[in-house]
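Peer 1: The amino acid sequence is not available; the structure is as follows:
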């Protein structure tokens, strides 16, 4: 698999790159400082088909393979704004895939189709104030009342949370443990729903992240996704796509860091010669370049398996673990390479250094990836 991309993939990549460099990159710092980006960007991305790449054409998707998603994820890093990228990827690759897979026709028309068009903003509501990766213990409840469910509880760390039109929501409909979890589609105009707080994060500043509150929120039973009490298994499946996007973002994000370092290292003079004239930095950068290529090939292997709908939990977990941890070291060294210029917000590496930290935390921490891999290895 020297090059998994066809001419059609590359043509799509070019479309994404042109859009990102024109519509997103020039606003990277501005949107970070504002702590939000214009809602209109969702509509523009929807019109270009960025959200529906691998979704059902009957509801506005394109029905393409995951290599197109790979190209999209890689090109988004050229925005130099990880927060915006996160929000857009939640829309197309985290909150909507499960609706595409198991939703009813009615659910797809009400929620999936407008999300793919960028007309409605979607969020994924799994994590809670006391529950992150431990999905089997989520506490937000949904009690049956006739043909309705009444929802009470809260969610935390919800990307797109302050302005989502609907949430793909994990709730507890049964007893304790994984067998009592159900997924529902939840419109945010329901009485009793509120945004408790917009979180002030260290990085990924342009994506709105919120604590959500549910007080006697009533939704019809027809909003249940799949079977009642089977939501845990759907969430675990959905996690694989989220983690794969995280690994791809880390690898491509490191590419951008190295590109910036090489450009800066040719221009910046120290002691009468360019920074790249010093062997210590040349060797440090090529060591990272070799490791990044290894991360890319590991991640592409996971993509190939995922694209073929094979079990790729092991490979995806390895990819996220390896690429995420490597990205921390690359960001640190490239920021050091920039010196004082790497410590100001106007320089991309400063923002990348703080933003990349999320890769080892979000979607399952590095420690969770290690635990998954150790169990799969029999110890």
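Peer 2: Looks like it arrived, so ask away. For clarity, every value in this text was computed on a predicted model and none was experimentally measured.
Peer 1: What residue, apart from its backbone neighbours, is nearest residue 274 spatially?
Peer 2: Nearest residue to residue 274, sequence neighbours excluded (C-beta to C-beta, 6 or more residues apart in numbering): residue 266, at 5.5 Å. From N, CA and C alone the C-beta is placed, and that goes for glycine too.
Peer 1: Within the helices and strands, which one has that neighbour?
Peer 2: Per DSSP states H and E, residue 266 falls inside helix 231-267.
Peer 1: for that helix, which positions count as buried?
Peer 2: Burial within helix 231-267, assessed by neighbour count using 16 or more other C-beta atoms under 10 Å, is assigned to 231-232, 234-235, 238-258, 260-261, 264-265.
Peer 1: average pLDDT for the next helix or strand after it?
Peer 2: Toward the C-terminus, helix 231-267 is succeeded by strand 269-270 as the next helix or strand (DSSP H and E). The average pLDDT within strand 269-270 is 90.
Peer 1: what about the strands in this structure?
Peer 2: Counting by DSSP state E, the segments of the chain that form strands are 122-125, 141-145, 148-159, 166-172, 181-187, 193-198, 209-220, 224-225, 269-270, 273-274.
Peer 1: Identify, out of these, the most deeply packed stretch.
Peer 2: Highest mean neighbour count of the strands of the chain: strand 122-125, a mean of 28 (counted as mean count of other C-beta atoms under 10 Å).
Peer 1: What strands flank that one, and is each parallel or antiparallel?
Peer 2: strand 166-172 (parallel) (DSSP bridges).
Peer 1: could you give the angle of the partner strand to strand 141-145?
Peer 2: 90 degrees (axes from the mean of the first three to the mean of the last three C-alpha atoms, to 10 degrees).
Peer 1: Which residues does strand 166-172 contact?
Peer 2: Under the contact criterion C-beta atoms under 8 Å, 6 or more residues apart in numbering, strand 166-172 has outside partners 95-96, 98-99, 111, 115, 120, 122-126, 135, 138-142, 149, 151, 153, 155, 158, 180-188, 212, 225, 231, 235.
Peer 1: Who are the contact partners of residue 91?
Peer 2: Residue 91 touches 42, 45, 51, 115, 118, 121, 122, 160, counting by C-beta under 8 Å, 6+ apart.
Peer 1: Make a markdown table out of these and add distance to residue 7 and pLDDT.
Peer 2: As requested, the contacts of residue 91 are exported to a markdown table (distance: C-beta to C-beta, whole Å; pLDDT from 0 to 100):
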| residue | distance to residue 7 | pLDDT |
| --- | --- | --- |
| 42 | 29 | 98 |
| 45 | 23 | 98 |
| 51 | 23 | 98 |
| 115 | 29 | 98 |
| 118 | 27 | 98 |
| 121 | 33 | 98 |
| 122 | 31 | 98 |
| 160 | 34 | 98 |
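Peer 1: quick check: domain ranges of this protein?
Peer 2: 7-116, 122-229, 233-376 (automatic domain parsing).
Peer 1: quick one: which of the contacts of residue 91 sit in helices?
Peer 2: Those of the contacts of residue 91 mapping onto helices are 42, 45, 115, per DSSP state H.
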